[in-house]
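Student: coords below, sequence missing:
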């Protein structure tokens, strides 16, 4: 077994990161976090004056893990746009599967953030991080027509779709998915690429040749009459 961190802040963060997915943020008290972290309530409030500050810190930490996965996927094959999109979707889906408690935690804390209108600047910066990462890769490719032109937030939403994969409510004792079959993954990748791929140009025949052909047929008909 690994040794318990000596830094009380790390112990509090570690305890909260386990308790929030297990019980849900709203049902987890600061006293329970302190008990699990083996620190006093006074020490906890010295470091995190409110439970919200613990939630924000944990949220940022998990977002950083997911964003690292996105960066790694973008670097796999930067010149092959379709393959890179597939790598990002796969990385996010694998994040959900290999870090199920973190995926549930993100979903829970996002719902709380919206309900309680968390406006912490550092959290807003962290939430914008994945959009900036993806937009930094996609924008030059949108300009050159290799990716469909769209707002950065919409592009990010398409690629982050696997984060919302039928995740259960942890407070009900349900478990997050522990596997992802190849067919489901292929469907996710195909659907995402279809949404962000550049539109296929549809060529329409010029009307001028048709008019010319019509004039010739009329002339031929007149010559046959005479």
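Tutor: Arrived safely. Bear in mind that the values here come from a model prediction, so they are computed numbers and not experimental data.

Student: hang on, residue 48 packs against residue 54?
Tutor: Yes. Residue 48 sits in contact with residue 54 when judged by CB atoms under 8 Å, with a separation of 4.7 Å. (Glycine included, C-beta is placed from N, CA and C.)

Student: overlap in contacts of those two?
Tutor: 12, 30 (CB atoms under 8 Å, 6 or more residues apart in numbering).

Student: neighbour-wise, which of the two wins?
Tutor: residue 54 (25 against 21; other CB atoms under 10 Å).

Student: list the buried residues in the helix or strand hosting that one.
Tutor: In this structure, residue 54 sits in helix 51-74 according to DSSP states H and E. Going by neighbour count (16 or more other CB atoms under 10 Å), the buried part of helix 51-74 is 51-52, 54-63, 66-67, 69-70, 73-74.

Student: got the angle between the helix or strand that it is followed by and helix 51-74?
Tutor: Next in sequence after helix 51-74, counting helices and strands by DSSP H and E, comes helix 81-98. Helix 81-98 runs at 140 degrees relative to helix 51-74, counting by axes from the mean of the first three to the mean of the last three CA atoms, to 10 degrees.

Student: how about helix 81-98: buried residues?
Tutor: 81, 84-93, 95-97.

Student: who are the packing partners of it?
Tutor: If you count contacts as 3 or more CB pairs under 8 Å, 6 or more residues apart in numbering; DSSP states H and E, helix 81-98 packs onto helix 51-74, helix 100-116, helix 121-143, helix 152-159, helix 182-196.

Student: distance of the most centrally placed residue in the chain relative to residue 77?
Tutor: Residue closest to the average C-alpha location in the chain (CA atoms, centre = their mean): residue 160, at 2.4 Å. Distance from residue 160 to residue 77, counting by CB to CB, to the nearest Å: 20 Å.

Student: ok, residue 96 next?
Tutor: Residue 96 is 22 Å from residue 77, by CB to CB.

Student: repeat for residue 83
Tutor: Residue 83 sits 5 Å away from residue 77, going by CB to CB.

Student: flag the shaky bits of the protein, pLDDT-wise.
Tutor: For the chain, applying pLDDT under 70 flags the ranges 1-4, 162-180, 201-226.

Student: can you rerun that using 50?
Tutor: Along the chain, segments meeting pLDDT under 50 span 1, 166-174, 176, 225-226.

Student: pretty sure residue 134 sits against residue 157.
Tutor: No. With contact defined as CB under 8 Å, residue 134 does not reach residue 157; the gap is 9.9 Å.

Student: comparing those two, which residue is more hemmed in?
Tutor: More neighbours surround residue 134 than the other of residue 134 and residue 157, with 23 against 16 (other CB under 10 Å).

Student: so what's that one closest to, chain neighbours aside?
Tutor: residue 156 (4.9 Å; CB to CB, 6 or more residues apart in numbering).

Student: next up, the contacts around that neighbour.
Tutor: Contacts for residue 156 (CB under 8 Å, 6+ apart) come out as 130, 131, 134, 135.
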